[in-house]
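**Student:** need a structure here:
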Amino acid sequence: MSEPESRVDPADSAIDRTRLSDLVGGNPDKIERYLTMFIDVTATSLSQLSDAVARRDTEGVRRLAHKIKGSCSMVGAAGLAAIAGDMERLALGGQLDGIPQLHARLQTAFDATRTAVGQAETATP
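**Tutor:** Take a look at the predicted model:
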């Protein structure tokens with residue numbers, strides 16, 4: 001029996017804050033701005049990815065998964081980047097089998113990431 005879609009592997013939704021801090025020179029304000037920008041841009045890209053998956057547009061899926069993978073890698077969201085990378089590889093090979101499941105996993109993990117980022121920002125004095 002498979003796990004329910006709503007269950008999130010914590011590694012999928014984690015952000016390496018040390019990596020992000022290194023990227024912005026340890027500036028807490030920049031960390032918050034980068035996280036906000038990451039969440040906003042990735043949410044838009046995921047919406048576009050949903051459309052591409054629904055249209056069975058392999059090139060659109062490949063392009064958007066690549067973009068999401070890069071954004072996730074930049075902020076240290078390795079689990080999200082890995083899922084997007086898997087989607088990109090399948091689409092690059094013209095393979096759509098498995099894409100909807102990976103997309104659902106990516107969306108669920110991103111939602112958990114967005115929630116965690118929001119909680120961390122509200123906890124910061």
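**Student:** where exactly do the strands run in this protein?
**Tutor:** Counting by DSSP state E, one finds no strands in the chain.
**Student:** Centroid-nearest residue for it?
**Tutor:** Leu80 (4.2 Å; CA atoms, centre = their mean).
**Student:** In space, what's closest to that residue - neighbours in sequence excluded?
**Tutor:** Among residues not flanking Leu80 along the chain, Cys72 sits closest, at 4.1 Å (CB to CB, 6 or more residues apart in numbering). The C-beta positions use only the backbone N, C-alpha and C, and glycine is treated the same way.
**Student:** just Arg105 next, same as before
**Tutor:** Ile83 (5.7 Å).
**Student:** Could you list the low-confidence segments of this structure?
**Tutor:** Scanning the chain for pLDDT under 70 picks out 1-13, 119-125.
**Student:** rerun that using 50 as the cut-off
**Tutor:** 1-6 (pLDDT under 50).
**Student:** residue ranges of the helices in the protein, please?
**Tutor:** Along the chain, counting by DSSP state H, helices occupy 10-13, 17-23, 28-55, 58-75, 78-92, 99-123.
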